[in-house]
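Enquirer: I'll drop the sequence and a predicted model, then ask my questions.
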There are 2 protein chains.
Amino acid sequence: MEDIKQYMKQVGISARAAARLMAQADTATKNRALTEIAAALQAQSTQLLAANAKDVQAARANGLDDASIDRLTLSAKTVNAMAEGLLQIAQLADPVGEISDMSYRPSGIQVGKMRVPLGVIGIIYESRPNVTADAAGLCLKSGNAAILRGGSEAIHSNQAIAACVHAGLRAAGLPDSAVQVVATTDRAAVGELITMKDYVDVIVPRGGKSLIARISSDAKVPVIKHLDGICHVYIDDQADLAKAIRIADNAKTHRYGVCNAMETLLVNAKVAAEVLPPLCQIYLDKGVELRGDDAARAIVPQMVAATEEDWRTEYLAAILAVRVVADLDAAIEHIGTYSSQHTDSIVTENYSRAMRFLREVDSASVMVNASTRFADGFEYGLGAEIGISTDKIHARGPVGLEGLTSQKFIVLGSGQIRV
Amino acid sequence: MEDIKQYMKQVGISARAAARLMAQADTATKNRALTEIAAALQAQSTQLLAANAKDVQAARANGLDDASIDRLTLSAKTVNAMAEGLLQIAQLADPVGEISDMSYRPSGIQVGKMRVPLGVIGIIYESRPNVTADAAGLCLKSGNAAILRGGSEAIHSNQAIAACVHAGLRAAGLPDSAVQVVATTDRAAVGELITMKDYVDVIVPRGGKSLIARISSDAKVPVIKHLDGICHVYIDDQADLAKAIRIADNAKTHRYGVCNAMETLLVNAKVAAEVLPPLCQIYLDKGVELRGDDAARAIVPQMVAATEEDWRTEYLAAILAVRVVADLDAAIEHIGTYSSQHTDSIVTENYSRAMRFLREVDSASVMVNASTRFADGFEYGLGAEIGISTDKIHARGPVGLEGLTSQKFIVLGSGQIRV
């Protein structure tokens, strides 16, 4: 235990020193590192797959479930995708050093903001080894140092990927310690990482709900976190019903296991009898289980009765809760009560209601006439995302490079003093 | 204890409900409330001073020190200043609802950001009762609900100010519970406030270092905090020495007890012999105690020897640490090691060095050729500040209305779905 504490402290000290160099690295140098890492991953593909095979074998021997083994397993294709992802990050605009909002003040000084890296980012994730390359790339491009702590079952894969990352950093003249992969599988290392305020500026947990809940409850360092995605689509009585059906279908059935999938459909009572039968037929044909309130079940008898618990549940599955609401106020009230503040969408042609929904629904992404599935870093043009934040402080919604930076004030004077 | 828990939970529930209404309040309504509160404070001036006199009397009886009693004491003039402050907040632009960065994506959706209130702000402060009006005004204008917990010694003053705040809110048709002043002096209330994650979105502690350190160590809710202000001025060898002397004088001696006062002066070795004698004469004439390294003391023998501890000390007094450094790199290195990341300034005519200093010094405010004393919400044009953040997440430097908001994503579609 004392050893782990010392080890993590040393990791923190190295990261803090590397962060200063990374903050000063110019765009070309950072892009060079990204392309070198991508090249190393492709050149070392055979070795990576061999390291990964060791992890997979051990995981099977330890009786890990199939879904976890699936997430753990790399292939030539996924190694290639990791390399491609890094090349895409190289293409993104460098957020560091961006100056904005400069204006002259009556005193004669010119005041504005400069975008700067956060410093040291700690990333804690589970079995997917590709997060190692992905997170390293985003931290590197945003001028931060990274401390990565992957799942213990992926330790050989992660160390092999780390070797490629270090080769790329060295080729660009950047320090190895800019990206450190924690070498121990001891859980105490996580406890240290999330409480080392002097050495870590922000923690990003990536993984299941229980991991994130545990980390955010124990952390002393600020956490950019994403818990549930209980997303809603509200079909207004002034909706274009063809759009409504298309959007509600897509939001639920495009993919089931994702955080931006709709979990509860709200339908205005005035159009419920018209829109629910054709829409629910689509769901039933696709094998979606429907759970409705009394009014919805009166229209679509195939629905089972929804309970209070259903409004609070992120199914991540082919199940949908359906509720008939009196009007926009009731829809906003329901969303205010049950939404996880991830993504909510209204379908309406009414301008004033669209504006009210945008203003009054307090979620990270609020949409008009679009599928909740668009809540995504790539779809938003951020390029890549380190996560989707359902917090309010610092970053909301998909977090890209900009979310790994903050802004400092800069003052350009010509000798001014306060009088 | 169980009673306090229940009481604070009820305060939290009321604040959460009020926050929804405040987020929807339009600019005119919020400004109406601000002007009504200002009018109530002026109309109730006599009653306020009577309530305050009770607090001051009790404080004297309890043997409170003179400085604290000074901070606690209101006068007709300070009541007037509170009212004026609220009228100034009414003049500020409303940050809520501001839409920015809208752009079309290849999918046809239009994506951008809307500025929204954080929700419920908890403010914990010490003896100054004027913070009650000031903090209430900033939270109100930024569309947030506020829970205010002032010093127990100011309880009558704060309750009297709260009565004016509530009268103003009611006159504008806003709920009383938008600004709640905690009615108990029990310390357990603070412990509840800073851990009620469900009801409080951010905590702003305003007061002495020990208060802030205690709160940020115990809080489960995010904290916008400001610890030390160990600010530096670096006089480069390519500085205009007349500017350098003016700035270094102002940064130290304009006011001693403020967080943006210079605490350590760094001077390039090439100009130390030229600039230190006239500059130090100014300091000595003003009664500033000088503590220097060996090189500085060789030039100005009146200096006492500085110890390692001096570089780490926020004097908030007529004391200055002076160090001679070899070059810009050494200055940046010193600042990187000892600065509290509050405000640091370079004096130079050299363009490249100015740019390097701006980029490489990782402080909330970084300045060229200006006094550190400019690091202030009013001087920066923010209008008023709720505090100065030395954190990196969310807000750095002076925190005005914008720091009490965040941005959500908004998506404007015309029926788009993900394919």
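Expert: Cool, got the structure. Just so you know, these numbers come straight off a predicted model, no measurement behind them.

Enquirer: which residues of the stretch 51-200 of chain A lie near chain B?
Expert: Neighbours of chain B within the stretch 51-200 of chain A, by CB under 8 Å from any CB of the partner chain: A:97, A:103, A:105, A:107, A:109, A:111, A:114, A:116, A:118-119. Yep, even glycine has a C-beta here, placed from its N, CA and C like the rest.

Enquirer: so is the strand ranked longest in chain A next to chain B?
Expert: Looking across chain A with DSSP state E, the single longest strand is strand A:405-416. Yes - interface with chain B: strand A:405-416 contributes A:406-416 (CB under 8 Å from any CB).

Enquirer: please list only the buried members of the residues of the stretch 51-200 of chain A next to chain B.
Expert: The neighbour-count test (16 or more other CB atoms under 10 Å in any protein chain shown) marks A:97, A:107, A:109, A:111, A:114, A:116, A:118-119 as buried among these.

Enquirer: got the domain boundaries for chain A?
Expert: Here the domain parsing of chain A from automatic domain parsing is A:2-224+A:399-411, A:231-374.

Enquirer: so, low pLDDT: which residues of chain A?
Expert: Across chain A, the ranges flagged by pLDDT under 70 are A:1.

Enquirer: try 80
Expert: Counting by pLDDT under 80, chain A has low-confidence residues at A:1-2, A:127, A:227.

Enquirer: quick one: distance of the longest helix seen in it to the chain centre.
Expert: The helix that spans the most residues within chain A, counting by DSSP state H, is helix A:2-24. Centroid separation for helix A:2-24 versus its chain: 25 Å, with CA atoms, centre = their mean, to the nearest Å.

Enquirer: now what about the helix or strand following that helix, what contacts it?
Expert: Going down the chain from helix A:2-24, the next helix or strand is helix A:27-43, by DSSP states H and E. Applying CB atoms under 8 Å, 6 or more residues apart in numbering or on different chains, the contact partners of helix A:27-43 are A:48, A:79-80, A:82-84, A:86-87, A:89-90, A:94, A:96, A:133, A:136-137, A:140-141, A:143, A:161, A:163-165, A:167-169, A:171-174.

Enquirer: just the buried members of these?
Expert: Using 16+ other CB under 10 Å, the buried ones in the contacts of helix A:27-43 are A:48, A:79, A:82-83, A:86, A:89-90, A:94, A:96, A:133, A:136-137, A:140-141, A:143, A:161, A:163-165, A:167-169, A:172, A:174.

Enquirer: which residues touch A:Q159?
Expert: Applying CB under 8 Å, 6+ apart, the residues near A:Q159 are A:51, A:181, A:183.

Enquirer: follow-up on the earlier one: report the two of the residues of strand A:405-416 next to chain B separated the most.
Expert: Farthest pair in the residues of strand A:405-416 next to chain B (CB to CB) is A:S406 and A:G415. Separation: 28.9 Å.

Enquirer: my read: A:L265 touches A:I247, true?
Expert: No - the pair A:L265 / A:I247 is not scored as a contact, 10.2 Å apart, by CB atoms under 8 Å.

Enquirer: name the residues contacting each of the two.
Expert: Shared contacts of A:L265 and A:I247, defined by CB under 8 Å, 6+ apart, comprise A:V233.

Enquirer: kindly reformat the residues of the stretch 51-200 of chain A next to chain B as a markdown table containing secondary structure.
Expert: Below are these laid out as a markdown table (DSSP: H, G, I helix; E, B strand; the rest coil):
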| residue | secondary structure |
| --- | --- |
| A:G97 | coil |
| A:S103 | strand |
| A:R105 | coil |
| A:S107 | coil |
| A:I109 | coil |
| A:V111 | strand |
| A:M114 | strand |
| A:V116 | strand |
| A:L118 | coil |
| A:G119 | coil |
